[in-house]
Structure formats: structure tokens, C-alpha cells
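*Asks:* I'd like to go over a predicted model; first the sequence, then the structure.
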Amino acid sequence: MKEESDSPSVPYNFSRCFNDQCPQASKCLRHVVTQDKIADYLYISIVNPARYPADGNQCECFKTTVKVHVAWGLKQLLNRIPYEDAVSIRIQLVGHYGKTGYYRFYRGERGLMPKDQAYIRQLFRNKGIKEEPTYQRYTEEYIW
């Protein structure tokens with residue numbers, strides 16, 4: 001399971017950007033992670049310097065350093081709603097994410113991004129359930 005950390009664990013294939021002149025550098029995840037311990041890697045992926053835009057505000061490779069609120073674990077999700085609604089919502093979740101995807105969310109092996117949380121909230125609203133869905137835990141994560 002993934003835990004929140006101040007020092008991000010950069011995915012192996014995540015491209016870094018070494019453009020120190022970019023006006024977006026301090027807000028771009030690709031540049032911020034260049035400060036990480038890259039000496040530990042034999043190879044790293046970088047943004048092609050020949051593709052640096054003249055206007056850094058229009059960079060096609062920009063990735064925000066803003067973290068998103070990720071929810072983990074569906075085990076308690078359906079416990080406090082009527083049984084018939086819980087069965088129906090579970091069927092819809094399996095239909096939407098597939099059996100494997102659903103169980104990865106269920107066991108907390110994969111986090112629910114904001115769009116996934118919004119989808120589940122909408123399933124609750126469609127059943128007339130005003131209560132907010134609750135999950136086992138929450139973290140703040142970068143979108144790599």
C-alpha cells in the first residue's frame with residue numbers, strides 16, 4: 001500500500017525537466033523532482049531540451065505540483081446504506097471498473113482519484129442517498 005510522504009517516490013519512467021529558465025519551473029512536478037537523488041539511477045527519462053517552448057507558460061509537458069485527495073478502500077463504503085441499494089451500487093461498480101478493478105479498490109491496493117470519488121458519489125445520489133461516501137483512509141498524492 002502507498003503511504004503519503006514528503007519526499008515523492010518518482011516513478012521510474014517519469015520524465016524530468018531540467019529547464020531552469022522556465023517561468024513555471026517552481027510549480028512543475030517534472031522540474032521539482034530533478035532535485036531528487038537522481039545519482040542513484042543509471043538512466044533517467046528527461047524532457048527533450050530541443051522541445052522547450054519559447055513561452056514556458058505553454059509547455060505541453062507541464063505537470064502541476066498540486067496534490068489530489070485520494071481515497072483508499074471500499075470495505076466500509078456500503079455498510080451504512082440500505083441492503084438493496086448497496087447490492088445495486090456494488091453491481092454498478094463492478095460493471096464500471098471490472099471485477100479485478102473493483103476488488104483492487106475494495107482492498108485498498110489502488111486509490112480512488114477525485115473522478116472515481118465523484119462517480120461513486122453520483123451512484124449514491126442516484127439512489128437518493130444524501131450521505132457522503134466514506135473510505136478507509138485518505139492521502140494526498142501527486143498525479144504522475
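*Replies:* Looks like it came in fine. Because the structure is predicted, anything quoted here is derived from the model rather than measured. Numbers count the residues shown, from 1 in each chain.
*Asks:* any idea whether the residue located most distally from the centre of the chain is helix, strand or coil?
*Replies:* The outermost residue of the chain, judged against the average C-alpha position, is residue 84 (30.6 Å), by Cα atoms, centre = their mean. Classification of residue 84 by DSSP: H, G, I helix; E, B strand; the rest coil places it in helix.
*Asks:* what about it, distance to residue 93?
*Replies:* The gap separating residue 84 from residue 93 is 15 Å, by Cβ to Cβ, to the nearest Å. The C-beta positions use only the backbone N, C-alpha and C, and glycine is treated the same way.
*Asks:* try residue 19
*Replies:* Distance, residue 19 to residue 93, by Cβ to Cβ: 42 Å.
*Asks:* and stretch 38-58, how far apart are its ends?
*Replies:* In stretch 38-58, first residue to last residue: 27 Å (Cα to Cα, to the nearest Å).
*Asks:* In contact with the closest residue to residue 27 other than its chain neighbours, which residues?
*Replies:* Nearest residue to residue 27, sequence neighbours excluded (Cβ to Cβ, 6 or more residues apart in numbering): residue 65, at 5.6 Å. Neighbour list for residue 65: 27-29, 32, 142 [criterion: Cβ atoms under 8 Å, 6 or more residues apart in numbering].
*Asks:* and with 7 Å instead?
*Replies:* Listed by Cβ atoms under 7 Å, 6 or more residues apart in numbering, the contact partners of residue 65 are 27-29, 32.
*Asks:* number of nearby residues for the residue lying closest to residue 26 once chain neighbours are set aside?
*Replies:* Spatial nearest neighbour of residue 26, chain neighbours left out: residue 32 (7.4 Å); criterion: Cβ to Cβ, 6+ apart. For residue 32, the neighbour count with other Cβ atoms under 10 Å is 18.
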